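Undergrad: the sequence and its predicted three-dimensional model are supplied below.
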Amino acid sequence: MSISDSKGLLTGATRQLQEHWQETLSSWRDRKAEDFEKLYLADLATAVNSAVRAIEELERLLHKVHADCD
């Protein structure tokens, strides 16, 4: 699996998780749902965006290393 594939997989899985969470909220609206959202999902987008930026930087570095070796 390439770095680009990993980035796509991560962003796709995150998007799918958020969609499923919105569906879940239609039937689960109590304090535990709020706690779950705050504990596990509130900072997820920020963390995923940071990970994607790191993946992109690694990809740039790997391309540079490959170019330098040629």
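TA: Structure received.
Undergrad: the protein: strands as residue ranges?
TA: Per DSSP state E, the chain has no strands. Nothing in it meets that criterion.
Undergrad: in the helix ranked longest in it, which residues are buried?
TA: The longest helix of the chain (DSSP state H) is helix 44-69. In terms of neighbour count (16 or more other Cβ atoms under 10 Å), helix 44-69 has its buried residues at 48, 52, 55. Using the backbone N, CA and C atoms, a C-beta is placed for each residue, glycine as well.
Undergrad: out of those, which is nearest to residue 24?
TA: If you rank the buried residues of helix 44-69 by distance to residue 24 using Cβ to Cβ, residue 48 comes first, at 18.8 Å.
Undergrad: what's the spacing between the nearest residue to that closest one once chain neighbours are set aside and residue 52?
TA: Among residues not flanking residue 48 along the chain, residue 14 sits closest, at 4.8 Å (Cβ to Cβ, 6 or more residues apart in numbering). Separation of residue 14 from residue 52 (Cβ to Cβ, to the nearest Å) stands at 9 Å.
Undergrad: same deal with residue 19?
TA: From residue 19 across to residue 52, the span is 18 Å (Cβ to Cβ).
Undergrad: who touches residue 36 in this structure?
TA: Applying Cβ atoms under 8 Å, 6 or more residues apart in numbering, we find residue 36 in contact with no residue.
Undergrad: quick one: it and residue 10, what's the gap?
TA: Distance from residue 36 to residue 10, by Cβ to Cβ: 21 Å.
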